[in-house]
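K.L.:
got a sequence here, can you build the structure:
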Amino acid sequence: PPMLTNTRDTELSSIIVIIATDAPFLPHQLKRLARRASFGIGRTGGIATHGSGDLFLAFSTAASGLGAGALRTVNFVPDEDIDPFFEAVVQATEEAILNSMIANEGMTGRDGNFVPALPHEVVRKALALDV
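P.N.:
Numbering: from 1, shown residues only. As a prediction, this is how the structure comes out:
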């Protein structure tokens, strides 16, 4: 398989995780959800190196009817019920990373940086799966 070409130190790589939900969360709760993405990255073997610039963003589409007015009533998930959402963020982040590793092709990016696709036959052999 082709090797990395015209590619700088891969330790300078970054990951961006976007968490979208329709569950009603307050801003501080969304911040807590975003922080859980690091656990999903860790489950795939990723670590935050010195040169990584990882970004995590969480938002909710639950807010509706926002507009002019002095007072609003807000429904939101209570903090004591947030744990299943934390777990979902970890699992979804892990799954997205695994999917991107398996369902990919070699790619040439900015400045001619080339990264080859993960060789599936090597992965199958490493995992002792039928080839």
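K.L.:
can you tell me the closest non-neighbouring residue to the residue nearest in space to the middle of the chain?
P.N.:
Centrality entry for the chain: nearest residue to the mean C-alpha point is residue 17, 3.4 Å, by Cα atoms, centre = their mean. For residue 17, ignoring the flanking residues on the chain, the nearest one in space by Cβ to Cβ, 6 or more residues apart in numbering is residue 37 at 4.0 Å. Glycine gets a C-beta too; all of them are placed from N, C-alpha and C.
K.L.:
tell me how many other residues crowd the one you found.
P.N.:
Each residue near residue 37 was counted by other Cβ atoms under 10 Å, and the total is 25.
K.L.:
how about the helices in this structure?
P.N.:
With helices called from DSSP state H, the chain shows them at 27-35, 37-43, 83-102, 120-126.
K.L.:
what stretches of the chain score poorly on pLDDT?
P.N.:
Within the chain, the ranges that satisfy pLDDT under 70 run 1-12, 64-71, 129-131.
K.L.:
got a list of what residue 17 touches?
P.N.:
By Cβ atoms under 8 Å, 6 or more residues apart in numbering, the contact set of residue 17 is 34, 37, 40-41, 54-57, 93, 96.
K.L.:
ignore the last one, residue 53
P.N.:
Taking Cβ under 8 Å, 6+ apart, we find residue 53 in contact with residue 14.
K.L.:
sweet, I'm off.
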